[in-house]
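Student: got a structure for you, letters missing:
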């Protein structure tokens with residue numbers, strides 16, 4: 001949604017940050033942390049020698065921590081909404097709690113990057129989108145996960161070679177300004193570049209002066225008889241520069257199919273939306289900072305929802321707060337997506353696992369449980385999707401929402417009743 005404007009290089013752009021939904025991403029890595037994160041002698045010695053803990057029962061426990069519980073989760077690429085669980089973890093309290101930071105630091109950033117990538121994918125349909133934010137990441141590991149999440153969200157490729165090696169994907173990008181500055185002149189830089197890459201060359205034309213570099217690039221094109229070349233613009237008024245380049249190329253007898261145009265320069269969804277809307281005619285967008293460091297971090301939480309008493313009964317728990325975003329729903333829950341007989345999604349129902357859904361369905365409706373078994377008794381039972389499958393699932397799901405901005409999410413009567421009971425128990429007015 002457009003929620004305002006901002007200015008860059010004296011040009012106003014739409015600010016697009018308010019979202020109606022998120023896209024689940026990072027589940028594969030979260031599962032790997034649960035299965036691979038175990039105690040050790042090293043951890044025991046740290047707790048004993050540095051933390052000063054002498055309790056042998058605790059030290060034995062930290063040495064042998066191992067996840068042996070169950071996990072139910074949404075497949076990556078699934079669209080979800082506020083209050084809906086991405087993962088549901090069943091395990092002894094101590095073991096379950098150990099993994100909180102690992103899970104949140106994996107799911108929150110990847111979900112955020114994936115959704116931001118989809119924001120850009122949505123405003124630039126059919127365009128090649130390149131992720132180039134590795135140097136803006138919090139760490140090399142974060143850079144790899146960011147690249148993965150951007151691809152899941154609709155980006156075409158990454159410039160991160162480590163990511164390409166990890167997932168057997170080709171990477172892409174252009175040279176930087178330092179390459180041009182390394183040479184005694186732009187002509188020398190472009191000439192060397194053309195000879196090195198032969199048939200495919202993209203000239204970065206804003207190191208010094210866009211118009212001069214453009215003339216130099218065309219001179220190299222003619223000298224080297226290049227038939228597959230392009231220009232990259234990375235600063236200033238990108239819209240004006242793009243239109244100028246297109247006009248110049250047309251005046252000189254080139255057809256639009258003869259060259260490509262790449263844009264970068266701290267691009268955001270808002271900037272790209274304006275460039276698309278006002279006819280910049282860009283072929284490829286190279287996006288870094290914005291896609292890997294979205295404007296607002298996600299605040300997904302990992303909270304206790306139920307625990308089992310010694311007699312086998314379940315005690316349901318939900319966090320209460322005056323702030324809606326800080327409250328959590330009690331109980332062992334399932335997220336059910338209801339589809340009408342026309343093939344479009346109608347609503348989501350957050351209900352207790354096994355709760356009767358008939359009151360929320362009409363004739364011809366079907367309901368899909370979004371939280372599926374992924375780990376059972378400490379063993380992986382789920383085949384994780386490939387990156388292309390995740391991206392395809394995202395596209396397929398989005399196509400089945402008629403009006404996602406006003407999509408209905410229903411909290412079941414059972415959950416509401418239990419939440420009121422908890423509120424009454426702790427003396428909150430909402431329980432009346």
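Tutor: Thanks, I have the structure now. Not measured: the values here are computed from a predicted model.
Student: can you count the residues close to residue 301?
Tutor: 12 (other CB atoms under 10 Å). C-beta here means a position set from N, CA and C on the backbone, and glycine is covered the same way.
Student: Please tell me the pLDDT value assigned to it.
Tutor: Per-residue pLDDT puts residue 301 at 92.
Student: Then residue 321?
Tutor: 73.
Student: Repeat that for residue 4.
Tutor: Residue 4 is assigned a predicted lDDT (pLDDT) of 52.
Student: I would like the residues contacting stretch 153-162, please.
Tutor: Contacts with stretch 153-162, where a contact means CB atoms under 8 Å, 6 or more residues apart in numbering, come from 23, 25, 113-118, 120-122, 128-132, 134, 140, 143-144, 147, 150-151, 164, 169-173, 286-287, 291, 391, 394-395.
Student: mean confidence for it?
Tutor: Throughout stretch 153-162, pLDDT has a mean value of 96.
Student: Show me what counts as buried in that stretch.
Tutor: Across stretch 153-162, burial judged by 16 or more other CB atoms under 10 Å covers 153, 154, 155, 157, 158, 159, 160.
Student: starting at the chain centroid, how far to that stretch?
Tutor: 12 Å (CA atoms, centre = their mean, to the nearest Å).
Student: likewise stretch 138-148?
Tutor: Distance, centroid of stretch 138-148 to centroid of chain: 11 Å (CA atoms, centre = their mean).
Student: next one: stretch 271-291
Tutor: That offset, for stretch 271-291, works out to 18 Å (CA atoms, centre = their mean).
Student: and what of stretch 149-166?
Tutor: Mean-position distance between stretch 149-166 and its chain equals 12 Å (CA atoms, centre = their mean).
Student: Quote the end-to-end distance of it.
Tutor: Counting by CA to CA, to the nearest Å, you get 14 Å between the two ends of stretch 149-166.
Student: Also stretch 201-216?
Tutor: Across stretch 201-216, first to last residue, CA to CA, it's 13 Å.
Student: can you check stretch 367-385 too?
Tutor: 22 Å.
Student: Now do that stretch, average pLDDT.
Tutor: On average, the pLDDT along stretch 367-385 is 98.
Student: Tell me which residues of it come out buried.
Tutor: 367, 370, 371, 374, 375, 382, 385.
Student: residue closest to the middle of this protein?
Tutor: Note on the chain: the residue nearest the mean C-alpha position is residue 114, at 1.7 Å, using CA atoms, centre = their mean.
Student: Next one, pLDDT for it please.
Tutor: Note on residue 114: pLDDT of 97.
Student: Who are the packing partners of the helix or strand that contains it?
Tutor: Residue 114 is part of helix 100-123, with elements assigned from DSSP states H and E. Contacts defined by 3 or more CB pairs under 8 Å, 6 or more residues apart in numbering; DSSP states H and E place helix 100-123 against strand 22-23, helix 27-36, strand 87-90, strand 128-131, helix 140-152, helix 269-277, helix 289-292, helix 387-398.
Student: The ones you listed: which one's closest to residue 221?
Tutor: strand 128-131 (21.0 Å; CB to CB).
Student: I figured residue 365 hits residue 342, correct?
Tutor: No: if you go by CB atoms under 8 Å, residue 365 and residue 342 don't touch, sitting 10.4 Å apart.
Student: residue contacts, residue 206?
Tutor: If you count contacts by CB under 8 Å, 6+ apart, then residue 206 has 177, 213, 232, 233, 234, 235, 236, 241 around it.
Student: same question, residue 152
Tutor: 23, 25, 76, 77, 110, 114, 117, 387, 390, 391, 394.
Student: likewise residue 164?
Tutor: So residue 164 contacts 158, 170, 171 (CB under 8 Å, 6+ apart).
Student: JSON lines please, covering those residues and showing secondary structure.
Tutor: Formatted as JSON lines, the contacts of residue 164 follow (DSSP: H, G, I helix; E, B strand; the rest coil):
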{"residue": "158", "secondary structure": "strand"}
{"residue": "170", "secondary structure": "coil"}
{"residue": "171", "secondary structure": "coil"}
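Student: Which PyMOL command selects the buried ones in the contacts of stretch 153-162?
Tutor: Buried subset of these, written as a PyMOL selection, criterion 16+ other CB under 10 Å:
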select buried, resi 23+25+113+114+115+116+117+118+120+121+128+129+130+131+132+134+143+144+147+150+151+164+169+171+172+173+286+287+291+391+394
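Student: Now do the helix holding residue 114 against helix 140-152, angle only.
Tutor: Here helix 100-123 points in a direction 40 degrees away from that of helix 140-152 (axes from the mean of the first three to the mean of the last three CA atoms, to 10 degrees).
Student: For residue 383, give its distance to residue 390.
Tutor: Distance of residue 383 to residue 390, given as CB to CB, to the nearest Å: 12 Å.
Student: Same question for residue 271.
Tutor: Residue 271 is 26 Å from residue 390, by CB to CB.
Student: likewise residue 154?
Tutor: Distance, residue 154 to residue 390, using CB to CB: 10 Å.
Student: in what helix or strand does residue 414 lie?
Tutor: If you go by DSSP H and E, residue 414 is part of helix 413-425.
Student: Give me the buried stretch members for that helix, please.
Tutor: 414, 415, 418, 419, 422, 423.
Student: which non-adjacent residue is nearest the second one?
Tutor: The one in question is residue 415. Leaving aside its chain neighbours, residue 415 sits nearest to residue 329 (5.5 Å; criterion: CB to CB, 6 or more residues apart in numbering).
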